[in-house]
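1. sequence plus predicted model, see below.
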Amino acid sequence: CAADRSPGSAAGGRSTDAAHPAACPLAWRRGGVGTAARLLVGGATRAILSASDRRRERERERGSVAKVRANGIDIEYETTGNPKDPALLLVMGLGAQLTLWPDALCDGLAQRGFYVIRHDNRDVGLSTDFGSSGVPNIMEAFGRLMMGKAVEAPYYLKDMAADAAGLLAALDIDRAHVVGASMGGMIVQLLAAQYPSLTRSMVSIMSTSGRRGLPMG
């Protein structure tokens, strides 16, 4: 994706990944994306997210949840498994916290010999938020993209890929397998393209490259 036309997104608030995988580059106020996502697809997220927050507090007490400074922002992350095993970075999609990756999945990957890392993207959950950037109009932004028009944003997918690379560097990880879901799939595609030396392998789930003519997800 071109730097000024990337189908990226800023994302904020505690919400499930509920928007289209070909999300546009937008600025979100913390909490704004959760409201917008519920308007788009509905669903009761509050109880799920409350349970996720309680689980995260338990994990923080055990020391597997932490925060680092990388690429100029604070990134909340959680690890599972043995740090000596090959690293596997999980990247969630639009508006989704790291808690949307099922614990059973992370535990299973760790049991199969991976050091699993999941994190809150910028403007999501407990990572740095960009509240001063305002609330997005998702449908208007989608419409502009569909018409081939640019959507201005305070950051793009390339910046979120740089966040992921910065997180790996902060954890002293030279190379990692990277897996992304929905918009996270776009992020790991850029991570693999822009930081090939960091990438052992790349898996993009229910996502797209943004190339015109391809299916949306």
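-> Great, that's in hand.
2. in the protein, which spans are helices?
-> For the chain, applying DSSP state H gives helices covering 32-41, 46-62, 103-111, 138-146, 157-170, 183-194.
3. can you give me the end-to-end span of stretch 121-135?
-> Stretch 121-135 has an end-to-end distance of 17 Å (Cα to Cα, to the nearest Å).
4. so for that stretch, what gets flagged as buried?
-> Residues of stretch 121-135 classed as buried by neighbour count (16 or more other Cβ atoms under 10 Å): 121-131, 133, 135. All C-beta atoms are positioned from the backbone trio N, CA, C, and that covers glycine.
5. before we move on, back to that, looking at the helices of the chain, which has the lowest confidence?
-> Comparing mean pLDDT across those, the weakest is helix 32-41, with a mean of 41.
6. quick check: closest non-adjacent residue to Cys194.
-> For the record, residue 194 is Gln, not Cys. Ala161 (5.9 Å; Cβ to Cβ, 6 or more residues apart in numbering).
7. one step back: can you lay out the buried residues of stretch 121-135 as JSON lines showing pLDDT and distance to Ser201?
-> Converted to JSON lines, these look like this (pLDDT from 0 to 100; distance: Cβ to Cβ, whole Å):
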{"residue": "Asn121", "pLDDT": "97", "distance to Ser201": "21"}
{"residue": "Arg122", "pLDDT": "95", "distance to Ser201": "24"}
{"residue": "Asp123", "pLDDT": "93", "distance to Ser201": "27"}
{"residue": "Val124", "pLDDT": "91", "distance to Ser201": "25"}
{"residue": "Gly125", "pLDDT": "92", "distance to Ser201": "26"}
{"residue": "Leu126", "pLDDT": "93", "distance to Ser201": "28"}
{"residue": "Ser127", "pLDDT": "96", "distance to Ser201": "25"}
{"residue": "Thr128", "pLDDT": "95", "distance to Ser201": "28"}
{"residue": "Asp129", "pLDDT": "89", "distance to Ser201": "31"}
{"residue": "Phe130", "pLDDT": "86", "distance to Ser201": "31"}
{"residue": "Gly131", "pLDDT": "81", "distance to Ser201": "36"}
{"residue": "Ser133", "pLDDT": "80", "distance to Ser201": "34"}
{"residue": "Val135", "pLDDT": "76", "distance to Ser201": "37"}
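8. could you work out the most separated pair of the residues you listed?
-> Leu126 and Val135 (20.0 Å; Cβ to Cβ).
9. can you count the residues close to Ile187?
-> Neighbour count for Ile187, taken as other Cβ atoms under 10 Å: 30.
10. so it touches Leu157, yeah?
-> Yes. Using Cβ atoms under 8 Å, Ile187 is in contact with Leu157, at 5.9 Å.
11. distance to Lys84 added to the buried residues of stretch 121-135, as a markdown table?
-> Shown next, in a markdown table, are the buried residues of stretch 121-135 (distance: Cβ to Cβ, whole Å):
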| residue | distance to Lys84 |
| --- | --- |
| Asn121 | 27 |
| Arg122 | 29 |
| Asp123 | 32 |
| Val124 | 29 |
| Gly125 | 28 |
| Leu126 | 27 |
| Ser127 | 26 |
| Thr128 | 30 |
| Asp129 | 34 |
| Phe130 | 36 |
| Gly131 | 39 |
| Ser133 | 40 |
| Val135 | 44 |
